[in-house]
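[1] Pasted the sequence and its predicted model underneath.
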Amino acid sequence: MSKESIHLSPREQELKDAVNHIVGGYPEVHIVIDGFNSTLFRVKNKSFVRLAGDEQHGYYLCFKATKETQEFLVQQEPYWKTPYFGQYGWVSTWANQADSWEELGPLLKEAYLLAAPKTLVKQFIS
């Protein structure tokens, strides 16, 4: 399913743009809409950020993290272990209530570095 065939609400587009502003410049990042109409940010076909939800229930952001980061974050509001993927270190937070995109920036950077191949990590760091 191509992203052109999916209509995003204005709020969802705004949130997608906010995430893209943080990670869009990282090497080989691309955006995919999955079968659940979630927006996935991927590097080399590995997802590292997922934007999901709807206007009625709210939007949430899921991202890859180390187990240590996950343990630290889930002790704080508004973070929780991502259902199904939490066992792999994924963390979720309400995207439409995110207090600070500056706070999410380093977490999304870590998510990218965990998913990217070593060659891209070297390219990113240098």
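    Received the coordinates, thanks. Numbering: from 1, shown residues only.
[2] So, low pLDDT: which residues of the chain?
    Along the chain, segments meeting pLDDT under 70 span 1-6, 97-99.
[3] Can you name the residues bridging to the residue most central in space within it?
    Geometric centre of the chain, nearest residue: residue 49, 2.1 Å, by CA atoms, centre = their mean. Following DSSP bridges, residue 49 is listed with bridge partners residue 41, residue 63.
[4] likewise the one 4 residues further on?
    For residue 53, the beta-bridge partners are residue 59 (DSSP bridges).
[5] How many residues are close by it?
    Other residues near residue 53 come to 19 when the count uses other CB atoms under 10 Å. The way it works is simple: take the backbone N, C-alpha and C, and place the C-beta from them, glycine included.
[6] Show the contacting residues for it.
    Residues near residue 53 by CB atoms under 8 Å, 6 or more residues apart in numbering: 59, 60, 95, 96.
[7] Among those residues, name the buried ones.
    Buried residues within the contacts of residue 53, defined by neighbour count using 16 or more other CB atoms under 10 Å: 59, 60, 95.
[8] Pick the one among these closest to residue 66.
    Proximity of these to residue 66, judged by CB to CB, is greatest for residue 60, which lies at 20.0 Å.
[9] so the closest one makes contact with residue 94?
    Yes - assessed by CB atoms under 8 Å, residue 60 is found in contact with residue 94 at 5.5 Å.
[10] Which residue ranges of the chain form helices?
    Residue ranges of the helices in the chain, as given by DSSP state H, are 10-23, 67-73, 101-115, 118-125.
[11] Switch those over to CSV; also include distance to residue 89 and mean neighbour count.
    Shown next, in CSV, are the helices of the chain (distance: least, CB to CB, whole Å; neighbours: other CB atoms under 10 Å):
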stretch, distance to residue 89, mean neighbour count
helix 10-23, 17, 16
helix 67-73, 5, 15
helix 101-115, 8, 17
helix 118-125, 17, 12
